[in-house]
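Undergrad: The following block contains a protein sequence and its predicted model.
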Amino acid sequence: MDIDDYPVKVELVRPEGDELGQVMTVLGRVCSRGDGYVLSVRSRRVFRVVGLDAMRSVPAWETAAIHRLGNMGLIFLVPEESNLRSGAVRARVNLLLPSEVGFDVMQAWWSLKQFG
């Protein structure tokens, strides 16, 4: 998948201060095995995966971080759709996974934090 294929476009500016920490927190969650994010097919809203078949809404800062990471090519959208529920509602979603570059960036960030 090409960077231009990410469906939600945002203006890219370098994250600084707290914003950098937020973006890296979200990338860390995408890279971990226990957490994850999905993008709804219809509304393009971002959700966090909860368990095997559920999802929950995320705050605006997480949504902004996900879209920034997608536009930077650090995460990508899995084209196959899944069905997850949020409360009583089921929705079609696409899973968001880290790209190889995204993993490399996260590894470098973890290394820097150990020495910081």
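TA: Nice, I can see it.
Undergrad: which other helices and strands contact the host helix or strand of S82?
TA: Element membership for S82, per DSSP states H and E: strand 75-86. Contacts defined by 3 or more Cβ pairs under 8 Å, 6 or more residues apart in numbering; DSSP states H and E place strand 75-86 against strand 37-40, strand 46-50, strand 54-57, helix 60-72, strand 89-98. Heads up, the C-betas are built off the backbone N, CA and C, glycines and all.
Undergrad: tell me the angle the longest one makes with strand 75-86.
TA: Okay, so that is helix 60-72. In terms of direction (axes from the mean of the first three to the mean of the last three Cα atoms, to 10 degrees), helix 60-72 departs from strand 75-86 by 140 degrees.
Undergrad: what's the spacing between helix 60-72 and its chain's center?
TA: 7 Å (Cα atoms, centre = their mean, to the nearest Å).
Undergrad: So that it lines up with my notes, have the first residue be 550 from now on.
TA: Sure, I'll start counting at 550 from here, so that last one is helix 609-621.
Undergrad: List the buried residues in that helix.
TA: Of the residues in helix 609-621, E611, T612, A613, A614, I615, H616, R617, L618, G619, N620, M621 count as buried by neighbour count, 16 or more other Cβ atoms under 10 Å.
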